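Undergrad: sharing a sequence plus its predicted fold:
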Amino acid sequence: MRVHDDEAEAEAPDLMAPPPPPSLVVGYALTSKKVKSFLQPNLLALARKKSINFVSIDETRPLSEQGPFDIILHKLTNKEWQQILEDYLEEHPEVTVLDPPNAIQHLHNRQSMLQEVADLNLCNGYGEVCTPRQLVIMKDPLSIPSAVAKAGLTLPLVAKPLVVDGTSKSHELSLAYVETSLSMLDPPLVLQEFVNHGGILFKVYVVGETIRVVRRFSLPDVNIYDLENNDGIFRFPRVSCATNNAEDAEIDPCIAELPPRPLLEKLGRELRRRLTV
């Protein structure tokens, strides 16, 4: 005799249904500031829908005791952490690290980073990519005026710390607009000829073949006659960070017009080829 149980039948699993996709585990090692700005609720909700699980990495514990990970996403630059990552990759070559420490090193140096763009000599029917002339000063600030004169650089000059290491100091920019101020700068640094550009810059994000461009407020145009700093150095606040979003600002259309997409695509491809180790 068979007893018909509708409730039990309704709850029976569908043996023909495909298994749920395996979860992708992304371990992240970020500063608290980056965690707050990056791991937004909408991103986490979307990740759950895509079976992506974000896991915080404890830097004080061996990576081998955590995970397992499919991807490690990090934004730490100290040498100890880089060594931890390299050791972990030797044991787990199947794990993807974004970005590999050896690839990041190339971008920590402003000179080598900009030089790759200059070497492209990129020009096509959609536009041209140019770079300002620059000079690297490693030490002895008293030698800067003569080095600038020898290189033929024209004032005003933007002074940028040579190494980008994630600290607030590495983002401190100064404008030197009289020759006597040059010896007051603090090497190691990169000096670049300042080019007025309407106070707007474009940050281009490239992931695979996807390109996203956003407008950010940049260094303001400079008229040296309007500068009132008696020592000849104007110190800029930090620029190009997310809080300086200029997407909804009322800007001259000639300045705000986005660069042509074909030019950005070619630039992205060429830089990826040159900067990928």
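TA: Yep, that arrived.
Undergrad: pLDDT at the closest residue to residue 160 other than its chain neighbours, what is it?
TA: The spatially closest residue to residue 160, leaving aside those adjacent along the chain, is residue 190, at 4.9 Å (C-beta to C-beta, 6 or more residues apart in numbering). Any C-beta I mention is one placed from the backbone N, CA and C, and that applies to glycine too. pLDDT, residue 190: 91.
Undergrad: now do the contacts for residue 190.
TA: By C-beta atoms under 8 Å, 6 or more residues apart in numbering, residue 190 lies in contact with 110, 111, 114, 134, 135, 136, 137, 159, 160, 161, 162.
Undergrad: go through those and say which is closest to residue 270.
TA: Taking C-beta to C-beta as the measure, residue 270 sits nearest to residue 114 out of the contacts of residue 190, at 14.3 Å.
Undergrad: just confirm the closest one is within a strand.
TA: No: Residue 114 sits outside any strand when classified using DSSP: H, G, I helix; E, B strand; the rest coil, being helix.
Undergrad: picking up where we left off before, most neighbours among the contacts of residue 190, which one?
TA: Tallying neighbours with other C-beta atoms under 10 Å puts residue 159 at the head of the contacts of residue 190, with 25 neighbours.
Undergrad: please name the nearest non-neighbouring residue to it.
TA: Residue 159's closest residue in space is residue 174 (C-beta to C-beta, 6+ apart), at 4.5 Å.
Undergrad: and residue 176, by the same measure?
TA: residue 157 (5.0 Å).
Undergrad: for residue 60, give its distance to residue 66.
TA: 11 Å (C-beta to C-beta, to the nearest Å).
Undergrad: who's more crowded, these two?
TA: Between residue 60 and residue 66, residue 66 has the larger neighbour count (other C-beta under 10 Å), namely 15 against 5.
Undergrad: quick one: contacts for the more buried one?
TA: Here residue 66 is in contact with 27, 55, 57, 58 (C-beta under 8 Å, 6+ apart).
Undergrad: of those residues, buried ones?
TA: 27, 57 (16 or more other C-beta atoms under 10 Å).
Undergrad: on that earlier part again, can I get the helix or strand containing the residue nearest to residue 160 in PDB, CA atoms only?
TA: Assigned by DSSP states H and E, residue 190 belongs to strand 189-193. Written as PDB, here are the backbone C-alpha positions of strand 189-193 (Å, rounded to 0.1, in the frame of the first residue of the first chain):
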ATOM      1  CA  LEU A 189      61.900  63.300  -6.600                       C
ATOM      2  CA  VAL A 190      60.800  63.800 -10.200                       C
ATOM      3  CA  LEU A 191      60.600  67.200 -11.600                       C
ATOM      4  CA  GLN A 192      58.100  67.600 -14.500                       C
ATOM      5  CA  GLU A 193      57.300  70.700 -16.600                       C
END
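Undergrad: which neighbouring elements make contact with the helix or strand just after it?
TA: Going down the chain from strand 189-193, the next helix or strand is strand 200-207, by DSSP H and E. Judged by 3 or more C-beta pairs under 8 Å, 6 or more residues apart in numbering; DSSP states H and E, strand 200-207 is in contact with strand 210-217, helix 261-275.
Undergrad: determine how far the last one lies from the middle of the whole chain.
TA: Which is helix 261-275. 15 Å (C-alpha atoms, centre = their mean, to the nearest Å).
Undergrad: now do the first one
TA: Averaged C-alpha coordinates place strand 210-217 at 12 Å from its chain's average position (C-alpha atoms, centre = their mean).
Undergrad: got it, and stretch 46-54?
TA: The answer for stretch 46-54 is 24 Å, by C-alpha atoms, centre = their mean.
Undergrad: contacting residues around residue 188?
TA: Counting by C-beta under 8 Å, 6+ apart, residue 188 has contacts 136, 137, 138, 139, 161, 162, 163.
Undergrad: for it, what are phi and psi?
TA: The phi/psi pair for residue 188 (degrees, to the nearest 10) reads phi -80, psi 140.
Undergrad: quick one on the thing from earlier: could you dump the contacts of residue 66 into a markdown table with secondary structure, distance to residue 97 and pLDDT added?
TA: Converted to a markdown table, those look like this (DSSP: H, G, I helix; E, B strand; the rest coil; distance: C-beta to C-beta, whole Å; pLDDT from 0 to 100):
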| residue | secondary structure | distance to residue 97 | pLDDT |
| --- | --- | --- | --- |
| 27 | strand | 10 | 94 |
| 55 | strand | 15 | 93 |
| 57 | coil | 12 | 94 |
| 58 | coil | 17 | 91 |
